[in-house]
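*Asks:* how would this look folded up:
(2 chains)
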Amino acid sequence: MHIVVCIKQVPDSAQIRVHPVTNTIMRQGVPTIINPYDLFALEAALALRDQHGGEVTVLTMGPPSAADSLRKALTFGADRAVLLTDRFFAGADTLATSYALATAIRQIGETFGAPDVVFTGKQTIDGDTAQVGPGIAKRLNLLQLTYVAKISGIDLTGRTITAERRSEGGVQILQTRLPCLVTMLEGTNEIRRGGMADALRAARAEIVTWSAKDAGVEDISKCGLRGSPTIVKRVFAPSARAEKAVLVDFSERAPADALIADLFKRQPKLEDELSTLARGY
Amino acid sequence: MIEEKFDAIVVGAGMAGNAAALTLAQRGLNVLQLERGEYSGSKNVQGAILYADMLEKLIPDFRDEAPLERHLVEQRFWMMDDNSHVGLHYRSEAFNEERANRYTIIRAQFDKWFSSKVKEAGATVLCETTATELVQNDKGKVIGVRTDRTGGLIHADVVVLAEGVNGLLGTRAELRTRPKPENVALAVKEMHFLPREAIESRFNLKGDEGVVIEAAGTISRGMTGMGFIYANKECVSLGIGCLVSDFQKTGETPYGLLERFKSHPSVAPLIEDSEVKEYAAHLIPEGGYKAIPKLYGDGWVVVGDAAQLNNTIHREGSNLAMTSGRIAAEAIFQVKSRKDEMSAKNLSLYKTMLDESFVMKDLKKYKDMPGLMHVNSQNFFLTYPQLVSKAMQSFVRVDGTPKAEKERKSMRAFVEARSWVGLFGDAFRLARAWR
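*Replies:* Modelled structure (predicted):
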């Protein structure tokens, strides 16, 4: 079995700030991490490999420094890392990114064997769009399972995969055919530490580095800024909203009554609507 | 189980560890370097000043690519009392040279670069990996280390302990004892970010010129300690440190000292309107020559802070760390090329080479200084700064008092505070410790 996991190196959002004057994101000096959702995807992939055998290839697109994230993924136990780096890729939005990644995955398939599953995180914490995973699936004509919390099982002879998909109000258990693409959520696994053997191998591993041409990109105008219809009109930091805490006096009424009275006082329309509704009963 | 056996394992990726790993790798040895931090530099704390001479020996063209902040053209020593300072400033155009002698650096950035050189030289560098145990055979020879990763023992002919001031691994293996509270200082520091122009105008600098301020006096509240202010490109490093035993004795807090130092009228204008983006604390070895533990044994050597190698008087810590790391590596290489065993007897070459270097010669020269400063801390850090400040105040203030009377009064103040015997005694002890 061959699994490809797409990861992204992102600035640690806990340490990022917006410049108060220029409104641009201040990335300088902010440490980078692997997008946390991608780690749930990577762990799911490693667990499947450990159970069923095969290989896990991690793929990222980014500047040469993104190799650090790939090396880290190798430390966790991935078998191979591919870095897609080219100045043509710079400034890509989700459309251009999914084009580049899909092309690279096709190339990985031809070079190292066709993937049975492609994993991505649900979304990145710096873009928050959740579009790249589905975009790749569409371009590669893969069936897709999104918002997956857990892989319940994989049947390599029957060529099916079963997964738990978290949805509002419940969990859906879905089964689909391989090959497919899965976007992973948090909650059911945690990335492993990686043993000494993996760490040693990762420290010395050669990272496969591809330019747009190496990855088989034919139409360069679909990459990077040129291939990105998204226009960032404005970036701004939302002003902090401070809701004042309210003290409700419980001395004269029961707590629930007092709270509701207080709520109605602030939202008179709500009182009208609720009373109209209540009249029906 | 890791089958591979390394020629050497270097524990730690600070200045000493990186110098050792780099030298060993350059000499063609199979080196494994272990670092507990996320990357080399992520856990390392220093002011920081880099002395070019030693790094030049390791990486001759480092100036072309290392992340350096400013080259120092001015050194200021401040003796402070609560609202004034008496300063000795040395500034020279001679320091504006092609190959400058001293630079301010930011360790998180510098060490990352240094580590990239270690990797380029061929060493295997593993970060986020803590060495937890030195493994010895039944004869007590160190044969490798265990880490916090699964996979068991990693074998090596020799282990270079560059694990930093606490020396936990060496202590756990009973090769040494932990540093005593009176032999280590606890220093706290902050990074104050300011626009470049503000730093240059406040410190009287142009271009990449830099300045260092070392300050002592009442800021340490009678404890043995010092404050420092270093100008970087776009931030000012500022900190203060005192002996741990003094903190224990007085109950003073490091952050309390730092706040007082920052609000001192001589310091506050330098960092006004700055933004603090980083704060850190670290132990600094201050015991000098007498506190140096055993430096080598069967299958191991110890370098840098872990070996307590720090010249307090000249503020040379990372310099001695790099030098000891390089010398240890050279010694190991020599033993290895003779195809000899990494036994205590053969590794004593490291001690011999270190003794011949400026490292041990300098530390020996000042061997009595830490003791003197410690025993007389009240005098050196409270009484004298106050007396000197008062005398200077009297000297420069014009108020109708005859000058001879002023001088007599200042002299009397010194004698009353310390007595003639005390004054001569201090002068004698200081001169002897300096010699």
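
*Asks:* near chain B, which residues of chain A are found?
*Replies:* A:29, A:31, A:75, A:193-197, A:199-200, A:203-204 (CB under 8 Å from any CB of the partner chain). Quick note: C-beta positions are derived from backbone N, CA and C, even for glycine.

*Asks:* how many neighbours does the residue nearest to residue B:89 when sequence neighbours are not counted have?
*Replies:* Distances taken as CB to CB, 6 or more residues apart in numbering or on different chains put residue B:76 closest to residue B:89, at 4.7 Å, once the chain neighbours are dropped. Per other CB atoms under 10 Å in any protein chain shown, the neighbour tally for residue B:76 reads 17.

*Asks:* and residue B:76, how far from chain A?
*Replies:* Per CB to the nearest CB, to the nearest Å, residue B:76 is found 28 Å from chain A.

*Asks:* hang on, that residue in a strand?
*Replies:* Yes: assessed with DSSP: H, G, I helix; E, B strand; the rest coil, residue B:76 lies in a strand.

*Asks:* which residues touch it?
*Replies:* By CB atoms under 8 Å, 6 or more residues apart in numbering or on different chains, the contact list for residue B:76 reads B:87-90, B:211-214.

*Asks:* now list the buried members of those.
*Replies:* B:211-214 (16 or more other CB atoms under 10 Å in any protein chain shown).

*Asks:* in the residues of chain A next to chain B, which residue is surrounded by the most others?
*Replies:* Neighbour-wise, those (other CB under 10 Å) top out at residue A:199, 27 neighbours.

*Asks:* in which helix or strand does that residue reside?
*Replies:* helix A:196-204 (DSSP states H and E).

*Asks:* distance of the residue in chain B that chain A sits nearest to relative to residue B:133?
*Replies:* Nearest to chain A in chain B, going by CB to the nearest CB, is residue B:151, at a distance of 2.9 Å. Separation of residue B:151 from residue B:133 (CB to CB, to the nearest Å): 13 Å.

*Asks:* what does residue A:233 give?
*Replies:* For residue A:233, the distance to residue B:133 - CB to CB - is 57 Å.

*Asks:* now do the contacts for the residue of the stretch 151-281 of chain A found nearest chain B.
*Replies:* Residue nearest to chain B within the stretch 151-281 of chain A: residue A:196 (2.9 Å; CB to the nearest CB). Neighbouring residues of residue A:196 by CB under 8 Å, 6+ apart: B:2, B:129, B:147, B:149-152, B:154.

*Asks:* residues touching the closest residue to it other than its chain neighbours, list them.
*Replies:* Closest residue in space to residue A:196, ignoring its immediate chain neighbours: residue B:151 at 2.9 Å, by CB to CB, 6+ apart. Going by CB under 8 Å, 6+ apart, residue B:151 touches A:195-197, B:1-2.

*Asks:* okay, residue A:233 and residue B:133: which has more neighbours?
*Replies:* Set side by side, residue A:233 and residue B:133 show more neighbours around residue B:133, with 14 against 5, by other CB under 10 Å.

*Asks:* right, and the more buried one touches residue B:171 too?
*Replies:* No: using CB atoms under 8 Å, residue B:133 is not in contact with residue B:171; the gap is 11.7 Å.

*Asks:* for chain A, just list every one of the helices.
*Replies:* A:36-52, A:67-76, A:94-112, A:132-140, A:196-204, A:255-266, A:268-279 (DSSP state H).

*Asks:* how about the longest one: buried residues?
*Replies:* Yep, that's helix A:94-112 we're talking about. Here helix A:94-112 shows A:94-109, A:112 as buried, counting by 16+ other CB under 10 Å.

*Asks:* just the angle between it and helix A:132-140, please?
*Replies:* 60 degrees (axes from the mean of the first three to the mean of the last three CA atoms, to 10 degrees).

*Asks:* likewise for the second one?
*Replies:* With the same axes, to 10 degrees defining the directions, helix A:67-76 sits at 90 degrees from helix A:132-140.

*Asks:* sorry, back to before: restricting to C-alpha, output the helix holding residue A:199 in PDB.
*Replies:* Below are the C-alpha coordinates for helix A:196-204, written out as PDB (Å, rounded to 0.1, in the frame of the first residue of the first chain):
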ATOM      1  CA  MET A 196      15.900   6.500  17.500                       C
ATOM      2  CA  ALA A 197      16.100   4.500  14.200                       C
ATOM      3  CA  ASP A 198      13.600   6.800  12.500                       C
ATOM      4  CA  ALA A 199      15.300   9.900  13.900                       C
ATOM      5  CA  LEU A 200      18.700   8.800  12.600                       C
ATOM      6  CA  ARG A 201      17.300   7.900   9.200                       C
ATOM      7  CA  ALA A 202      15.500  11.300   9.000                       C
ATOM      8  CA  ALA A 203      18.600  13.300   9.900                       C
ATOM      9  CA  ARG A 204      20.400  11.700   7.100                       C
END
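
*Asks:* what's the angle between it and helix A:67-76?
*Replies:* 160 degrees.

*Asks:* look at the residue of chain B closest to chain A and report its pLDDT.
*Replies:* We have a pLDDT of 88 for residue B:151.

*Asks:* cool, residue A:272 as well?
*Replies:* Looking at residue A:272, the pLDDT reads 86.

*Asks:* what's the neighbour count on it?
*Replies:* 11.

*Asks:* tell me the residues of chain B that contact chain A?
*Replies:* Of all the residues in chain B, those lying near chain A are B:2, B:4, B:32, B:38, B:124-126, B:128-129, B:147, B:149-152, B:154, B:277, going by CB under 8 Å from any CB.

*Asks:* if we use 10 Å, what do you get?
*Replies:* B:1-4, B:32-34, B:38-39, B:42, B:106, B:108-109, B:119, B:122-129, B:146-154, B:193, B:234, B:277-278 (CB under 10 Å from any CB of the partner chain).

*Asks:* mind giving me the ChimeraX command for buried ones among these?
*Replies:* Here is the ChimeraX command that picks out the buried ones among those, judged by 16+ other CB under 10 Å:
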select /B:2,32,33,34,39,42,106,108,119,122,123,124,125,126,127,128,129,146,147,149,151,154,193
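
*Asks:* wait, residue A:152 sits on residue A:173?
*Replies:* Yes: counting by CB atoms under 10 Å, residue A:173 is a contact partner of residue A:152 at 6.9 Å.

*Asks:* overlap in contacts of those two?
*Replies:* Here residue A:152 and residue A:173 have A:162-164 as joint contacts, going by CB atoms under 10 Å, 6 or more residues apart in numbering or on different chains.

*Asks:* and the closest residue to residue A:261 other than its chain neighbours, what pLDDT?
*Replies:* Nearest non-adjacent residue to residue A:261, counting by CB to CB, 6+ apart: residue A:253, 6.7 Å away. For residue A:253, the pLDDT comes out at 86.

*Asks:* for residue B:249, see how far away residue A:253 is.
*Replies:* 59 Å.

*Asks:* for the residue of chain A most remote from its centre, which non-adjacent residue is closest in space?
*Replies:* What lies farthest from the middle of chain A is residue A:252; by CA atoms, centre = their mean that is 51.2 Å. Of all residues not flanking residue A:252 in the chain, residue A:258 sits nearest, at 7.4 Å (CB to CB, 6+ apart).

*Asks:* my read is that the residue farthest from the centre of chain A contacts residue A:262, right?
*Replies:* No: if you go by CB under 10 Å, residue A:252 and residue A:262 don't touch, sitting 11.9 Å apart.

*Asks:* buried subset of the shared contacts of residue A:152 and residue A:173?
*Replies:* A:163-164.
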